[in-house]
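Undergrad: Here is the input, now give the coordinates:
(one chain, ligands or ions: 1)
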Amino acid sequence: MYKPRNSCYNTYRISMVSVTGSGKNKRAMAKSIAEHCIDKLMPRLKGKLDINISLIPRLIENESLAGDCERDDESRARPREFSIRVDSTQDLQAMLETVSHEMVHVKQYARGELKDLPSSEHCCKWKGKTVNLNSTHYYDQPWEIEAHGRERGLFVRWVFTGE
Ligand SMILES: [Zn+2]
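TA: From the prediction side, this is the model:
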């Protein structure tokens, strides 16, 4: 059976969150909170995910977004590889809450709760139900409700208790 090189590699790699950009301290904190989010949101996927976080200056200014999350292995129904971009020039709490927010989206994709529909750019599937992005306000999109609802608590628990 042919196995692509990457998948062989992934079976024994330990580190699953890598961070690039910005400074050493911000990279270390982003990695730590992302790993905390895996523990809290998807403990059974620990060791099975490959997440690249890029800390990028002025993303809000340039693209009007604090962060985003892309699946790198789009063909899989339950993807395991993700690229996250986060604005590194926000204040520190906002930056780390953005990492938490995007990690909630990782959980949604990895568990198959949220699926992009290849047939339509304007629709997503959420827990089996089609949601039209054109007629559903950003803050009414169920995956955003969950991500905004959890970003603060994930951050607070990471800061104060480590739980
Ligand atoms: Zn979001």
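Undergrad: Thought Asp116 was touching Trp126, still the case?
TA: No - using CB atoms under 8 Å, Trp126 makes no contact with Asp116, being 10.9 Å away. (Each C-beta comes from the backbone N, C-alpha and C, glycine too.)
Undergrad: What separation do you get for Glu74 and Ile60?
TA: Note on Glu74: its distance to Ile60, by CB to CB, to the nearest Å, is 26 Å.
Undergrad: okay, the two: which has more neighbours?
TA: Taking other CB atoms under 10 Å, Glu74 and Ile60 do not tie; Ile60 has more neighbours (16 against 11).
Undergrad: Give the full set of residues in contact with the more buried one.
TA: Shown in contact with Ile60 (CB atoms under 8 Å, 6 or more residues apart in numbering): 66, 87, 89-90.
Undergrad: for Glu61, same thing?
TA: Applying CB under 8 Å, 6+ apart, the residues near Glu61 are Thr89.
Undergrad: any idea which helix or strand carries it?
TA: helix 59-63 (DSSP states H and E).
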